[in-house]
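1. What follows is a protein structure lacking sequence information:
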């Protein structure tokens, strides 16, 4: 009889403990796969403007990310591919829910194997990209091509360039204007300056946009008649950084690590050429420039003096990678933009080791709770038996 009574007590205890284990594991999964993205990103808010603006000036809110590097069929294990894409999906959709940007800019290298894959593989790439980075109503997404999407300049074929342009709606140069704010999106690989058909097309469009902006600003150098409704210096968006010798001038905590930071850049490979950089700045007069490609952060203050009486100053931001394959701490930027001000906030996603350590700690807490609960139940059961 005693043996039967003890077995019955153990069965009752297991029936009470098992649901708690399942509930605890479910909470750990929800927290580490969903809630942790909200907790990390809710701390990042839209940057506030410093200047006093007229009441009728409505800022543009834009989210900028780069270097997604979605894996294809050649590189990486399928489990790694699934894991990274799930992380990016959760992080991006959380950002959309929390921030609701008006514009989203993706600065190149959407696809890790875009320059190698077949047309069928590319179609599958594009479908996955739109599923992972679906934007809500009221948010417009723009993509800028990167070298992994179509190849470096010497590897680009008309087929590689046209399929990305057509399926991602990303021409070599694109002017996006909204409430007096102008964003110029540029294919960095078309800035080679060798007169190829892709480069010639890009240069012709840059010259056209340059004239539109000059006419809009009232410049005496205006040649045509086309104008934008309200002029402001544009914001440059591309995959490559503007010309710089290296990342040694980058001092941000998430800049390239030493000694990599001191490695000299190769023009047209690690950054734009000096000639193309000067051409873009003199033609467009950008107030801010955004690039990517290095996977690390950098802030550069440029000052160009093309003529003794003419000085062009701008700030350039290099956007870190959005992928956990490239960084332990992926990031994206939030921009608050008006015709005379650009403010930026850098948003950090949870580190992968943070997620893993959090899961381990929660499992230990769950194990301790179950042990404490079962011990307490046995003590009370034993005391109850003695009273009887």
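-> Noted; the coordinates are in hand. Computed from a predicted model, the values in this text were never measured in an experiment.
2. Which parts of this protein are strands?
-> Counting by DSSP state E, the chain has strands at residues 60-65, 103-107, 140-144, 173-178, 181-186, 235-238, 288-291, 298-307, 310-318, 331-338, 341-348.
3. Compare those strands and give me the one nearest residue 212.
-> The closest of those to residue 212 is strand 173-178. By C-beta to C-beta, the value is 7.6 Å. For every residue, glycine as well, the C-beta is placed using N, CA and C.
4. Tell me the helices and strands packed up against the closest one.
-> Contact here means 3 or more C-beta pairs under 8 Å, 6 or more residues apart in numbering; DSSP states H and E; on that basis strand 173-178 packs against strand 181-186, helix 197-217.
5. Which stretch among those is buried most, on average?
-> strand 181-186 (a mean of 24; mean count of other C-beta atoms under 10 Å).
6. And the contacts of it?
-> Applying C-beta atoms under 8 Å, 6 or more residues apart in numbering, the contact partners of strand 181-186 are 60, 62, 103, 105, 142, 144, 170, 172-177, 202, 206, 209, 213, 228, 232-238, 280, 284, 286, 337-339.
7. Quickly run through the sheet partners of that strand, with directions.
-> If you go by DSSP bridges, strand 181-186 pairs up with strand 173-178 (antiparallel), strand 235-238 (parallel).
8. Just put those strands in TSV and tack on mean pLDDT.
-> Formatted as TSV, these follow (pLDDT from 0 to 100):
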stretch	mean pLDDT
strand 173-178	97
strand 235-238	98
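9. okay, now the domains of the chain?
-> For the chain, the structural domains run 2-27+364-387, 45-350, going by automatic domain parsing.
10. for these, which one sits closest to residue 34?
-> domain 45-350 (6.6 Å).
11. And the closest one, how far out from the chain middle?
-> 10 Å (C-alpha atoms, centre = their mean, to the nearest Å).
12. how close does residue 189 get to residue 65?
-> Counting by C-beta to C-beta, to the nearest Å, the gap from residue 189 to residue 65 is 20 Å.
13. sorry, that was for residue 250
-> Counting by C-beta to C-beta - residue 250 and residue 65 are separated by 19 Å.
14. Which one of these two is surrounded by more residues?
-> Neighbour totals were compared for residue 250 and residue 65, and residue 65 leads with 25 against 19 (other C-beta atoms under 10 Å).
15. what's across from that one in the sheet?
-> Assigned bridge partners for residue 65, using DSSP bridges, are residue 106.
16. Tell me how many other residues crowd the closest residue to residue 58 other than its chain neighbours.
-> Leaving aside its sequence neighbours, residue 58 sits nearest to residue 179 (C-beta to C-beta, 6 or more residues apart in numbering; 6.0 Å). Residue 179: 16 surrounding residues under other C-beta under 10 Å.
17. ok now do residue 179, which residues does it touch?
-> So residue 179 contacts 58, 60, 230, 339 (C-beta under 8 Å, 6+ apart).
18. correct me, but residue 256 touches residue 248?
-> No. Residue 256 lies out of contact with residue 248 (C-beta atoms under 8 Å); the separation is 9.1 Å.
19. Between these two, which is the more surrounded one?
-> Taking other C-beta under 10 Å, residue 256 and residue 248 do not tie; residue 256 has more neighbours (21 against 16).
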